[in-house]
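In: Return atomic coordinates for the entry below.
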Amino acid sequence: MKILIKAKYILTMNEKDEVIEDGAVIIENGKISKISKISDIENENVDYIIDDRPNILLPGFINTHTHIAMVGFRGFADDKDLMDWLNNYIWPAENRAVDREFIRMASLLAICEMIRTGTTTYNDMYFFEEITAEISREIGIRAFLGEGLIDFPTPSFKNLQEGLKIVQSFIENYLNDEYIYPTLCLHAPYSCSKDLILRGYEIAKKYNIPIHMHVAETKSEVEIIKTKYGLTPVRYLNSIGVLNHKFISAHSVYLDDEEIEIYKNYNVGVAHNPQSNMKLSSGIAPIVKMLSKNINVGLATDGTASNNNLDMIDEMRSCSLIHKVHLLDPKVISAKEVLKMATIYGAKVLGIDNIVGSIEINKKADLITISLNSFHLMPIYDPYSAIVYSANGLDVSSVLINGKILMEKKELKFIDFEEVKYNAQKLKEKVIS
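Out: Numbers count the residues shown, from 1 in each chain. Below is the predicted model:
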C-alpha cells in the first residue's frame, strides 16, 4: 500500500535534527518516499491514511540489548545483587523451566510488549533463538538474534561443541534475511573461556556479523578478570584482539579513561542499560564521557527479570535523570540526546543506520506515533521533552515496521490478547513447578 501518516510534529532524528510541524510522511514499498508539510500533499493519491493527531511521528525505538524471553521471570527474583541473582535464582530457574515451549510463549509476550510500547528493532541474547526468530519474522519485527554461548551447558545445548553447531546453523539460515540479523553472542568474559571467545570471534569474522557481549557490568566481574588475567575486562578483550566496529558491548559500567579511548579507537558500540544497572546496584556507566568522545551509545532495557519491563520511553527518562543527579549537572544529557540514543544512535550501534533510525527518504518505514491526547502530555512546549520526561510506552499509538502496520490507534493487529494472557500464566506455572 501507499500509506500517508499525518502528524502534529515529525521528529526526523536526522543529522540536522529537523522538526516538522503539521507534517506528513508517505510510505511506498516499505520505504519512506516523501516527507513534507500536510498542506503540500493534500491532493496526493494514497491507499491508506493514518491520522491519530494530536501526535508525534518519529523513528521506532531500537533496544540494543535484551533477553526478551526472560519476561517469563519478570518479578521472580527481585532485590538481589547480580551474582546472587544469576547463580542462585536465574540460572537454576532457566535449567528447570526453559525449553522450546517456554521460549515460544515468552517471545510472543515480549514482542507484544515491545511493539505496544514502540520498539521496532531489538538485539537479543538468549536460548533457542530459532524459535524467537520464527516468531519475530512471522510478526514482522526487526531482530538481532544470537544463541548465548557460555562455558557450561544451557537449556539449548549439552556441551560447547553442540552450542557452536547450533550457532553456525542459525547464522547460515538467517544471514541474508530481511528481518532477522544473526549475531555471535558470548555471555561475558568471566563465563566464557579465552578459547571460546577467540572461536566466537573467528565465526563472527567469517560471516561478518556483530559480536554481542556483557562487559564490565559489575565491580565483582572486574575483580574476577583481574585476578584471572591480570587485566580489566576491556583491556583483556583488547589484548586478545576481539574488539572491532562490530563489537556490541552491553553495560560497560566500569571503564576508566584509557578504556574509553580503546572503545573509541575500535569504534565499539555500547548498549546502555540504566534501569537494570540501578536495580541490580551494578553502578552507573560513564556514557557522558563516551558520548563526548563520539562513541556510539544506544539505549537498552536488558531483560525484564532485571528491569522489569521493555518500555524504552521509561528507559529514556531513567537514563536522563540518573546521569544528571550522578554528575550534579542538569545539562549533561538532554532529552534530545537521550531520544537519539533510543533511535539513530542505537541504529549506529547495530550497524543499520543506513536503513533505519531516522526519518529520511528511502529509509525503511520503521515508524511510530505517540499520542498527545492525554492529561500528562498537556501542554506541549517541546516534543523531545514531552516524550522523554512526560510520556510512557502506553502513549504509543501506531507502529509500522517495513511499512507494515502492526499497531494503529493502540490496537495490535496481529494477536489475540486472551492468548497472550493464557501464555503468561503457563510461563509462571513452568517457573515455579
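In: Three-state assignment for the closest residue to residue 363 other than its chain neighbours, please.
Out: Nearest residue to residue 363, sequence neighbours excluded (CB to CB, 6 or more residues apart in numbering): residue 32, at 5.4 Å. Backbone N, C-alpha and C define where each C-beta goes, glycine included. What DSSP: H, G, I helix; E, B strand; the rest coil gives for residue 32 is strand.
In: Need the phi and psi values for the nearest residue to residue 378 once chain neighbours are set aside.
Out: Nearest in space to residue 378, with sequence neighbours left out and distances taken as CB to CB, 6+ apart, is residue 372 at 7.4 Å. When read as degrees, to the nearest 10, the backbone of residue 372 gives phi -100, psi 10.
In: Equivalent analysis for the one 3 residues further on, please.
Out: Per-residue torsions, residue 375: phi -50, psi -40 (degrees, to the nearest 10).
In: The residue minimising distance to the centre of the chain in helix, strand or coil?
Out: Central residue of the chain (CA atoms, centre = their mean): residue 63, 1.4 Å from the mean position. Secondary structure assignment for residue 63 (three-state DSSP): strand.
In: what's near enough to touch it?
Out: 114, 119, 121, 122, 123, 299, 300, 301, 310, 312, 346 (CB atoms under 8 Å, 6 or more residues apart in numbering).
In: one more time with 6 Å, if that's ok
Out: Counting by CB atoms under 6 Å, 6 or more residues apart in numbering, residue 63 touches 119, 122, 300, 301.
In: hmm, back to that, I'd like the distance between the residue nearest to residue 363 and residue 386.
Out: Distance, residue 32 to residue 386, by CB to CB, to the nearest Å: 23 Å.
In: same check, this time on residue 31
Out: With distances taken as CB to CB, residue 31 is found 28 Å from residue 386.
In: So which of these two has more stuff around it?
Out: Shown here are residue 31 and residue 386; by other CB atoms under 10 Å, residue 386 has more neighbours (21 against 16).
In: looking at it, that one is touching residue 379, isn't it?
Out: No - if you go by CB atoms under 6 Å, residue 386 and residue 379 don't touch, sitting 9.3 Å apart.
In: Tell me, how many residues neighbour the closest residue to residue 405 other than its chain neighbours?
Out: Setting aside the residues directly before and after it, residue 405 is nearest to residue 413 in space (CB to CB, 6+ apart), at 6.2 Å. Look at residue 413: counted by other CB under 10 Å, it has 13 neighbours.
In: Let's see the pLDDT reported for residue 413.
Out: The model reports residue 413 with a pLDDT of 91.
In: Please apply the same query to residue 81.
Out: For residue 81, the predicted pLDDT is 85.
In: How about the backbone phi and psi for it?
Out: According to degrees, to the nearest 10, residue 81 has phi -80, psi 170.
In: I'd guess residue 234 is in a strand, am I close?
Out: No - per three-state DSSP, residue 234 lies outside any strand segment and is helix.
In: Spit out the contact partners of it.
Out: Contacts of residue 234 by CB under 6 Å, 6+ apart are 255, 259, 262.
In: from the residues you listed, which single one is nearest residue 423?
Out: residue 255 (39.2 Å; CB to CB).
In: Excluding sequence neighbours, find me the nearest residue to residue 156.
Out: Using CB to CB, 6+ apart, the closest residue to residue 156 is residue 127 (4.3 Å).
In: Kindly report the same for residue 344.
Out: residue 357 (4.0 Å).
In: returning to that earlier point: most neighbours, which of the contacts of residue 234?
Out: Neighbour max across the contacts of residue 234 (other CB under 10 Å) = residue 255, 25 neighbours.
In: Got the phi and psi for residue 120?
Out: Residue 120 has phi and psi values of phi -120, psi -10 when expressed as degrees, to the nearest 10.
In: Do I have it right that it meets residue 365?
Out: No - counting by CB under 6 Å, residue 120 does not reach residue 365; the two are 9.7 Å apart.
In: Is the residue nearest to the centre of the chain bridged to anything, and to what?
Out: Beta-bridge pairing of residue 63 under DSSP bridges involves residue 122.
In: From residue 8, how far out is it?
Out: Distance from residue 63 to residue 8, by CB to CB: 26 Å.
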